[in-house]
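Visitor: Sequence and predicted model, in that order:
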Amino acid sequence: SQQGEEDPQALSIQEGENATMNCSYKTSINNLQWYRQNSGRGLVHLILIRSNEREKHSGRLRVTLDTSKKSSSLLITASRAADTASYFCATASDSSYKLIFGSGTRLLVRP
Amino acid sequence: DGGITQSPKYLFRKEGQNVTLSCEQNLNHDAMYWYRQDPGQGLRLIYYSQIVNDFQKGDIAEGYSVSREKKESFPLTVTSAQKNPTAFYLCASSILGARDEQFFGPGTRLTVL
């Protein structure tokens, strides 16, 4: 069953612009994680935000979490062509040992 | 270098054959996972193992089997019972469980001829 749903499914921006991706989920969580996948490669973990946190930063990445709305957003500032990839959110609950992934946002950064 | 490796990178199988995908990690992680990814889709969990000699079915286990005889190894067998096995298969590991970040291998692309 799909827990996280990303929005938009695809995003095309110019280099230097900011990219915002959103993730909505259905049930209560322990944490929410964001991953990046370059075409044909494995996933790379970007950031983990716990249910009691509201915002987290890592370099050019900013993640917010609103548990009342069951949603999260990933902001990439000053995007680069190398940021072109698919981005997935994944949720972990207290009652399960599984991560549940959304279907991803495909980001294209045009040089 | 610490990491997680998968082999082969590409695998071709004839219908009716079983094939085994390799996954090895030297991160000393207890938990390991197998996912399937179809084009343009997210990841779906096939099997996971929290500890040696123990594993659990994920959401799409039918037609697949696994073993966990060693901490560092978690091979996946795609059997002939899997009706649509053509996909990208990803192995991952984490220190304890799903609440931790997962480290992914580079994937194996399986094509049924």
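Guide: Received the coordinates, thanks. Residues are numbered from 1 along each chain as shown, chains lettered A, B, ... in the order given.

Visitor: List, one by one, the residues from chain A near chain B.
Guide: For chain A, the residues in contact with chain B (CB under 8 Å from any CB of the partner chain) are A:1-2, A:30-31, A:33, A:35, A:40-45, A:48, A:88, A:92, A:96-104. Backbone N, C-alpha and C define where each C-beta goes, glycine included.

Visitor: Against A:S51, how distant is the residue of chain A found nearest chain B?
Guide: Using CB to the nearest CB, the single residue of chain A nearest to chain B is A:G42, 3.6 Å away. For A:G42, the distance to A:S51 equals 27 Å [CB to CB, to the nearest Å].

Visitor: more crowded one of these two?
Guide: A:G42 (21 against 15; other CB atoms under 10 Å in any protein chain shown).

Visitor: wait, the more buried one sits on B:G105?
Guide: Yes - taking CB atoms under 8 Å as the definition, A:G42 is a contact partner of B:G105 at 5.4 Å.

Visitor: Please identify every residue contacting each of those two.
Guide: Residues touching both A:G42 and B:G105 by CB atoms under 8 Å, 6 or more residues apart in numbering or on different chains: B:L90, B:A92.

Visitor: name the element A:I49 belongs to?
Guide: strand A:43-50 (DSSP states H and E).

Visitor: and that strand, what other elements does it pack with?
Guide: Packing partners of strand A:43-50 (3 or more CB pairs under 8 Å, 6 or more residues apart in numbering or on different chains; DSSP states H and E): strand A:31-37, strand A:55-58, strand A:61-66, strand A:71-76, strand B:103-104.

Visitor: how much does that strand deviate in direction from strand A:31-37?
Guide: Using axes from the mean of the first three to the mean of the last three CA atoms, to 10 degrees, the inter-axis angle of strand A:43-50 relative to strand A:31-37 is 160 degrees.

Visitor: Strand A:43-50: partners in the sheet, and parallel or antiparallel?
Guide: strand A:31-37 (antiparallel) (DSSP bridges).

Visitor: Kindly provide the whole-number mean pLDDT of the partner strand.
Guide: Strand A:31-37 shows a mean pLDDT of 96.

Visitor: Contacts for that strand, please.
Guide: Counting by CB under 8 Å, 6+ apart, A:4, A:23, A:25, A:43-51, A:61, A:63, A:65, A:72, A:74, A:85-92, A:99, A:101, A:104, B:99, B:101-102, B:104 sit against strand A:31-37.

Visitor: Could you list the low-pLDDT ranges of the chain?
Guide: All of this is about chain A. Within chain A, the segments meeting pLDDT under 70 span A:1-4.

Visitor: you looked at the wrong chain, it should be chain B
Guide: B:1-2, B:98.

Visitor: Tell me which residue is most central in it.
Guide: B:W34 (3.0 Å; CA atoms, centre = their mean).

Visitor: Tell me who's in contact with it.
Guide: B:23, B:45-48, B:58, B:64, B:66, B:74, B:76, B:89-91.

Visitor: I am finished for the moment; much appreciated.
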